[in-house]
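Participant: Give me coordinates for this.
(2 chains)
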Amino acid sequence: MSATGVATAPRKKRGRRVGGKGEARFAFLLLLPAALVVFGVVLYPVARTFVISLFDVDSPLPGSYPFVGLSNYTRVFHDPAFYGVLGNTLYFTLVSTGAELVLGIAVALLLNTPLRARWFWRSLVVLPWALPTIVNGALWRWIYNGQYGALNGLLGVLHVSSTPIQWLGSPRLALNMVIVADVWKNTSIVVFFILAGLQTIPADLYEQARIDGANAWAAFWRLTLPLLAPSIAVVLVLRTIEAFKVFDIIYVMTGGGPASGTQTVAFYTYQQAFSNQLFGYGAALAYLIVLAVFALAMVYLRMLRQGQMAGVE
Amino acid sequence: MLIDVIWPAEFGTKKIIADVSSKWPASWKQQMLGGAVATPQYQSHFYGVPWILDTKYLFFNTTHLAKAKVDAAQLDTWDGVLKAARALKANGVTKYPLIWSWQQAEALICDYATLLGAFGGTFLDGSGKPAFQNGGGVQALEFMHQSITDGLSNPTSTQSLEEDVRRVFSAGQASMAMNWTYMFGMANDPKQSQVPGQVEVLQTPSGPGGRPGVNGSMALALSAESTNQAAAWKYITYLTSQPVQNNFALSSLPVWKSSYDDPAVVKTNPAVVKQAKKQLADLILRPQVKNYNAISQVLQTEIQNALLGKKSAQQALNDAADKTTPLLGA
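Facilitator: Have a look, this model is predicted:
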């Protein structure tokens, strides 16, 4: 006992010091559950997916499957359907992210002005974002319905169009309408980021700009926008990554149709892996998505670091 | 496990579900309806026992037909259906008399299968190669596209699933529709429909090739990995036994032929049972191949290309045949 007591006391003292071994061990123990969870639900599945992508796995059952090396990856690039879905995905990503950014900045600027009941408008902006994507998709599917949808009803009431428009009836129009549904939901998150960025800009900078003769437009371009650059960079890349992975809203609204016009890479991956049970090929497709997202994340981190350095300077 | 009719080929060949051919009493083949026997079968092997039989029927609105002075007997053939649709449209009863579930989904293949059968086509030929691009398969797709072009089928059909069809029909915005059995009860339910009491059901209309209904049944199967196969088989035979199925006939029609003459079963849903007795004995299967889903996805896209007028029916099906040939050979 005494030996233990003697041995423990100095350790306790060392443990209180910042960076001591005891504290490090304690920190390690505290982090261990989270690390195990991260390993279990992120690292292991990512590694396992890569292993599966090297085999011709065509069944959910465990067992031995032929090793095919990188041929699942080369197959992706020889798959004509893949280029179609990649084109849809890039279009979706570019247009939805661009629209969300422009709208998000506009709404954030509006909400940053001394509006009456500003808290109410700010809360209202949260609502679309708070909706689960599945609910949002179902909601817009109803709105767009060519027979009983609210959008055609509204256009009829406003005497804009008495002929019902099949909003999800042709490939390109359907993709654009899905983008509108996505923009309606995800502009909120852009507004939050930009609004937070706007709050950090000191009001006296605008005062100085006004004294220097800058009008509102010049102040926005030369002052607001450059100072918002770090926030814009962060939200832009986050939204780009999310848009590139789009799946659920497509699944609910169009099922990839009409004529595969709204099929995206993630949706195609799901079909290959789970409907067609081509788990090896699906894993290769999934891994390519991971690589694309990883590359975007690197861009994000680089932009963030540059933004921070610019802030320090 | 409960599996849809499209899965026995794939699950059976991959040994996900057990081959139960040796457990299948020979008498069942005579005692069950033809469509039921075919449901869990692949290459003469049985991979389950049929349970929850279903096919698509033609539903029509009696009030609409009366307004347009259309005799329901006319709906016995697809030609008659089109003629009725023209009369309904001309009389202003419904803008689009027909609504279908032609969204890019399995529902589209179910409707196409019905029409392909009616026009005398087959999905595959005797050697397992695509045959839908010939004869009846092309005529079926031309029929579908023409009905949209002529304004007889609602253009929303290409974005609709079965539930969309039910909503439009139940709102009185369509006079005729193909759908599964469940629509009869819901479209006649005043709480869920604006046309209760006006809904009748018929066997699928006939064409030059007959009137097969699409097989949309399911089967109870045994997991090949199960360590309790004997107990699972006992439970399956209990659930699919005639007395138990007769008791639950209102929810799901029995697989046994003689049940359809049992007054207790008939009275659960007289209108449907009368048609089901005929229709469930004459069903068309979607291709029983091990990678059916991949083939179905190609067909869905190409059929939609034709429905949207992006390709001719022949071109779309030729393209589908080109794309599915390697899948079928795999």
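
Participant: From now on I want contacts and neighbour counts done on CA atoms only, so please keep to that.
Facilitator: OK.

Participant: Could you report the separation of whichever residue of the stretch 1-150 of chain B sits closest to chain A from A:Met177?
Facilitator: For the stretch 1-150 of chain B, the nearest residue to chain A under the criterion C-alpha to the nearest C-alpha is B:Gln104, separated by 5.1 Å. In this structure, B:Gln104 lies at 17 Å from A:Met177, with C-alpha to C-alpha, to the nearest Å as the measure.

Participant: Pick out whichever of the two has more residues nearby.
Facilitator: A side-by-side neighbour count of B:Gln104 and A:Met177, using other C-alpha atoms under 10 Å in any protein chain shown, places B:Gln104 first with 27 against 17.

Participant: In three-state terms, label the more buried one for me.
Facilitator: Going by DSSP: H, G, I helix; E, B strand; the rest coil, the secondary structure assigned to B:Gln104 is coil.

Participant: Pop out the phi and psi values for it.
Facilitator: Main-chain torsions, B:Gln104, degrees, to the nearest 10: phi -70, psi 90.

Participant: Surely it and A:Pro258 touch.
Facilitator: Yes. Proximity of B:Gln104 to A:Pro258 meets the contact threshold set by C-alpha atoms under 8 Å, at 6.0 Å.

Participant: Return every residue with contacts to both of the two.
Facilitator: Shared contacts of B:Gln104 and A:Pro258 (C-alpha atoms under 8 Å, 6 or more residues apart in numbering or on different chains): B:Thr158, B:Gln159, B:Thr301, B:Gln304.

Participant: Name all residues that make contact with the residue in chain A that chain B sits nearest to.
Facilitator: Residue nearest to chain B within chain A (C-alpha to the nearest C-alpha): A:Ala259, separated by 4.5 Å. With contacts defined as C-alpha under 8 Å, 6+ apart, the neighbours of A:Ala259 are A:Pro171, B:Gln104, B:Gln300, B:Thr301, B:Glu302, B:Ile303, B:Gln304, B:Asn305.

Participant: of those, closest to B:Lys89?
Facilitator: Nearest to B:Lys89 among the contacts of A:Ala259, counting by C-alpha to C-alpha, is B:Gln304 at 24.3 Å.

Participant: what's the spacing between the closest one and B:His145?
Facilitator: Taking C-alpha to C-alpha as the measure, B:Gln304 falls 9 Å from B:His145.

Participant: Look at those two and report which has more neighbours.
Facilitator: The neighbour count for B:Gln304 versus B:His145, taken as other C-alpha under 10 Å, is higher for B:Gln304 (27 against 21).

Participant: helix/strand/coil for the more buried one?
Facilitator: Secondary structure of B:Gln304, reduced to three states by three-state DSSP: helix.

Participant: So what does B:Val201 have for phi and psi?
Facilitator: Summarising the backbone geometry of B:Val201 under the convention degrees, to the nearest 10, its torsions are phi -130, psi 140.

Participant: got it, and B:Leu53?
Facilitator: Note on B:Leu53: backbone dihedrals following degrees, to the nearest 10 are phi -80, psi 140.

Participant: So it sits against B:Ala249, correct?
Facilitator: No. Taking C-alpha under 8 Å as the definition, B:Leu53 is not a contact partner of B:Ala249, at 10.5 Å.

Participant: coming back round to it: looking at neighbours, which among the contacts of A:Ala259 is most surrounded?
Facilitator: Scoring the contacts of A:Ala259 on neighbours with other C-alpha under 10 Å, the highest-scoring entry is B:Ile303 at 31 neighbours.

Participant: How about it: what's its closest non-neighbour residue?
Facilitator: What sits nearest to B:Ile303 in space, not counting adjacent residues and going by C-alpha to C-alpha, 6 or more residues apart in numbering or on different chains, is B:Ala316, at 6.4 Å.

Participant: could you say which helix or strand contains the one you found?
Facilitator: Secondary structure from DSSP states H and E places B:Ala316 in helix B:313-329.

Participant: Residues touching that helix, excluding its own?
Facilitator: Residues from elsewhere that reach helix B:313-329 (C-alpha under 8 Å, 6+ apart): B:128-133, B:138, B:141-142, B:145, B:289, B:291, B:294-295, B:298-299, B:302-303, B:305-306.

Participant: Could you report the neighbour count for residue 85?
Facilitator: The chain I'm using is chain A. The local packing count at A:Val85 equals 22, with neighbours defined by other C-alpha under 10 Å.

Participant: Sorry, I should have been clearer: chain B.
Facilitator: 29.

Participant: and it, which of the three is it?
Facilitator: Assigned state for B:Ala85: helix (three-state reduction, three-state DSSP).

Participant: pretty sure it is touching B:Pro97, no?
Facilitator: Yes. Assessed by C-alpha under 8 Å, B:Ala85 is found in contact with B:Pro97 at 5.4 Å.

Participant: Name the residue closest to the centre of the chain, please.
Facilitator: By default, I'm working from chain A. Residue closest to the mean C-alpha point of chain A, counted by C-alpha atoms, centre = their mean, is A:Glu242 at 2.2 Å.

Participant: wrong one, I was asking about chain B
Facilitator: With distances taken as C-alpha atoms, centre = their mean, B:Val214 lies nearest the centre of chain B, 3.0 Å away.
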